[in-house]
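**Student:** Model the following, please.
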Amino acid sequence: MTGRAQALLLEALTLSLDERADVAAELLASLDDSKEDPAAVQNAWAREIERRGRRVLAGESAGEPWEDVRDRVASRWRSGDSLVSH
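**Tutor:** You can find the predicted model right below:
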């Protein structure tokens, strides 16, 4: 991450939760260069969320506490490791 990007991130982290969510949504939307139908994408996400919810309710997936995930991601980010498991 460049110094400029890191400075922007640090500044963004001082925003309120709602402001950070708005900025995150805009940044994510700017990465989407696909020509897929937004309704189809929204339906696919809804199906995935429902599938994951059913797994949790059936006891097939316990999930992880947010604090643990956040700490693991922050540690990987600081060390330069990939944040994506393959």
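**Student:** CA only for contacts and neighbour counts going forward, please
**Tutor:** Fine.
**Student:** gap between residue 79 and residue 73?
**Tutor:** Residue 79 sits 10 Å away from residue 73 when distances are taken as C-alpha to C-alpha, to the nearest Å.
**Student:** And for residue 1?
**Tutor:** 15 Å.
**Student:** and the longest helix for the protein?
**Tutor:** helix 38-57 (DSSP state H).
**Student:** hmm, back to that, for residue 1 and residue 73, indicate the residue with more neighbours.
**Tutor:** Remark: of residue 1 and residue 73, residue 73 carries more neighbours, 16 against 9, as counted by other C-alpha atoms under 10 Å.
**Student:** what's the average pLDDT for the helix or strand containing the more buried one?
**Tutor:** Residue 73 is located in helix 66-79, with elements delineated by DSSP states H and E. The predicted model gives helix 66-79 an average pLDDT of 90.
**Student:** before we move on, what about stretch 44-59?
**Tutor:** Averaged across stretch 44-59, pLDDT comes to 94.
**Student:** I'd like the numbering to begin with 858 instead of 1 from here.
**Tutor:** All set: I'll call the first residue 858, so the last point we hit is now stretch 901-916.
**Student:** what residues go with each domain of the chain?
**Tutor:** With automatic domain parsing as the criterion, the domains of the chain are listed as 858-890, 892-923.
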